[in-house]
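In: No sequence on hand, only this structure:
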C-alpha cells in the first residue's frame, strides 16, 4: 500500500506559541498533570466514537472494545498514549493541534504579564489539553486516523514545541490516535511503569474506559512472556454511577478537572440520583475561578450529557439557565433515546423538568456554600457574582432564591471588598424601616461619598452601594425581597416613611414655601437642562444634588445602551437644593441676575460631576469657576 507523503511545515498560532512557552518554562511544580490531560483527551475521543457509532456502527470497524493504552521504553526514553477513539483527519489535526480553538484567546493574551509565575496561574483558566505534553517532552509525534477513513488517510504530526510543526500522510491500519512523547533527559521518571501507574491511579481512576499498561513482572527475565500482556490500572467505571459513600473527595476533585479542563479544585459539588417519573443522575460542580469566555454569552457552555452511560454531547446547554453557565458536570439520563440531538432536546418536555430540578439543585448548593463556608462563597462571588445578577431577569420562578445569594457593598462596610447579603441587611434595618435602600454608580469611591447618602448617614440608615454595570438593569427586575421594597435613593421624591418624624416633614414644607422664589429663579436659569428644581430633604452638607425622575433612565443603563450602539432616551434630571447651605443663602441674596445665573450654573455642573455625569460644556464650567476664584482672591 502506498501513500502520498504530502509533507508540510506549518507555524503555530501566536497564542499557541505563547502557551507553549509558558508550559515549558512555568509548570515545573506539577509536571505529572500532562498525563491526566492526554488521558482525558483520549477518553473524550473514545466517547465521541461511541456516540457516532450509534448511527454508524461500521465506524467501530472490527474493534468494538475501547481502551486507552500507555506504553513506555526506558532505553529510548519514550512514552506512548494510544486510543481507538474517533481520530482526526489532516484538516482536524491542523485545526486542533496548531491553533487554540476556544473563544477568549484575545483576553488570554491581554492577561499575560511576562511574570512566569503569575502567567502560569492563567493556564488553568484557559485550558491546556494536548500542549501539556511539552512540559516533559522535547519532541512529540502524533499518529492518527479518523474512524471510517481508509488506512492510507492516516496523518503524522510532529513538533519540538518551538514555533512550528510538520504534518504528513502515513498509512495507519488502526483508527484512533497514538501520541509518542520523546522525554527530556531530566524526565526519564515518566518512562517507568510504577511511576506511570501511580499517576494514573492518582488523576485518572475515574475514567470510564480501561486504562491499560504492560503487566509488571517480577523475578527472572526469562520468565517473562514474549508478547506484551496488558492490564487495566483504573476502576474503568463511570464515577457518577458509583454510590456517593464509595467516592473520596479526591476522586470527585480529579473528575472535575477532567470535565472542566481546570487545574484547580472546585469549590463545591453535588452528586444526586433521581428515581421516579424521571430517572437520571447528575454530578454538578461549582468552579473556583471564571474562564476567559464567561461573559461571551454565545460561547459553548453546558453539561456533558450521557444517556444510559453513553456519551452524547459535550455542551448540552438545555439543562441549566444561561446565568448558571459556569456550572460544570455531567447528567446521565435513562429517559432519553440514544439518538438524541440538540434539536430533539429543545422539544423534549422531560428536559424542562430536569432543567427545573437541576437549577434548584445548583441554587441549593450555592446556598449551602454561603451558609457553611462563607470564605469559599466569597471566592465564588468574586468570580461569578456579575453572572448571578443576570438570574432574576431570566428565572422568574427562582427570583427570590437568587436574590438571597446576591452580595453588595454597603455603607456599613469599610470598603467594596466587604459585601453583605440582603438577609444580613434586613437583620440590621432600623426600627420602623420598611424598605431596602440602594444607590447605583460607576465607581465605588464616587458613590460612597455621594450627596444622596447624607440624610442616611445622619439617621444611621444602611444603604447598598451598587457599582456593577449590570446593577441598574438587575434592580429593574428585582422590585422586592422578603416583602421589603427596593428604593433607589437617587430616584424620585425620597420618602423615608416612619424613619422621618413629624418635625422633619414640617421643616421641609416650611423650607419649600419660604424658598419658593429662589427655586423659581434657579428654575428659570436652568429650564433647558432640568425637569424641575425643588428643595431637598436628602442633603445635610452639600448645596445641591441631581435626582432622576421615577421613570427615568440612570447613568449605568444609558452607558450600556450607548456601548451597544443604541440611542438612550432623552431625560432631564431634577435639581434638589439645600436651602440652608451658605452657598444657597448667598445665591438667594444675589441681586445681579447675570452673576446669579453664573452661580446657578456652577451649582448645577457641580451636582452633575458629583453624580458621575459628564459636563456638556466643561470649558464654560472652568471659565465660570475661574471667574469666581479671581473674585474671591481680590
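Out: Structure's in. What do you need? Note that this is a predicted model, so its numbers are computed, not measured.

In: Residue 523 against residue 533, yeah?
Out: Yes - with contact defined as Cβ atoms under 8 Å, residue 523 counts as touching residue 533 (4.4 Å). All C-beta spots, glycine's among them, are computed from the backbone N, C-alpha and C.

In: Pick out whichever of these two has more residues nearby.
Out: Just comparing residue 523 and residue 533: by other Cβ atoms under 10 Å the higher neighbour count belongs to residue 533, 23 against 16.

In: which phi and psi does that one have?
Out: The phi/psi pair for residue 533 (degrees, to the nearest 10) reads phi -120, psi 140.

In: got the domain boundaries for the protein?
Out: Here the domain assignment for the chain is 8-235, 240-382, 406-499, 514-547+571-633, based on automatic domain parsing.

In: What are the phi and psi values at residue 49?
Out: When read as degrees, to the nearest 10, the backbone of residue 49 gives phi -70, psi -40.

In: To what extent is the closest residue to it other than its chain neighbours buried, counted in neighbours?
Out: Nearest non-adjacent residue to residue 49, counting by Cβ to Cβ, 6 or more residues apart in numbering: residue 86, 4.3 Å away. Here the count is done by other Cβ under 10 Å, and residue 86 has 25 residues near it.

In: Test my guess that residue 236 contacts residue 209.
Out: Yes - with contact defined as Cβ under 8 Å, residue 236 counts as touching residue 209 (6.2 Å).

In: Neighbour count: these two, which is higher?
Out: Neighbours of residue 236 and residue 209, each counted by other Cβ under 10 Å, are more numerous for residue 209; the result is 24 against 16.

In: ok, the more buried one - contacts?
Out: 42, 43, 46, 66, 67, 68, 236 (Cβ atoms under 8 Å, 6 or more residues apart in numbering).

In: Double-check residue 521 against residue 599; I have them as touching.
Out: No - in this structure residue 521 lies outside contact range of residue 599 using Cβ under 8 Å: 10.6 Å.

In: of all the domains of the chain, which lies closest to residue 554?
Out: Residue 554 sits nearest to domain 406-499 of all these, at 4.8 Å, using Cβ to Cβ.

In: Who are the contact partners of residue 358?
Out: 282, 284, 319, 320, 331.

In: Kindly indicate which of these lies nearest residue 546.
Out: Nearest member of these to residue 546, counting by Cβ to Cβ, is residue 320, at 41.1 Å.

In: Quick check: which ranges of the stretch 1-150 of the chain have low pLDDT?
Out: For the stretch 1-150 of the chain, applying pLDDT under 70 flags the ranges 1-5, 14-15, 19, 22-29, 99-128.

In: Tell me which stretches of it form helices.
Out: Along the stretch 1-150 of the chain, the segments classed as helices by DSSP state H, counting those that start in this stretch run 14-26, 33-55, 90-98, 105-111, 116-126.

In: how near is the residue nearest to residue 580 when sequence neighbours are not counted to residue 525?
Out: The shortest distance from residue 580 to any non-neighbouring residue, by Cβ to Cβ, 6+ apart, is to residue 511 (7.5 Å). Separation of residue 511 from residue 525 (Cβ to Cβ, to the nearest Å) stands at 20 Å.

In: Quick check: phi and psi on residue 495?
Out: When quoted as degrees, to the nearest 10, the phi and psi of residue 495 stand at phi -120, psi 110.

In: what pLDDT does it get?
Out: For residue 495, the pLDDT comes out at 79.

In: And for it, the neighbour number?
Out: Using other Cβ under 10 Å, the number of residues around residue 495 comes to 10.

In: swap in residue 547?
Out: Other residues close to residue 547 by other Cβ under 10 Å number 25.

In: pretty sure residue 506 belongs to a helix, no?
Out: Yes - secondary structure assignment places residue 506 in a helix (DSSP: H, G, I helix; E, B strand; the rest coil).

In: check contacts around residue 281.
Out: By Cβ under 8 Å, 6+ apart, residue 281 lies in contact with 240, 241, 271, 272, 273, 274, 331, 332.

In: State whether the fourth one is indeed within a strand.
Out: Yes - counting by three-state DSSP, one finds residue 272 located in a strand.
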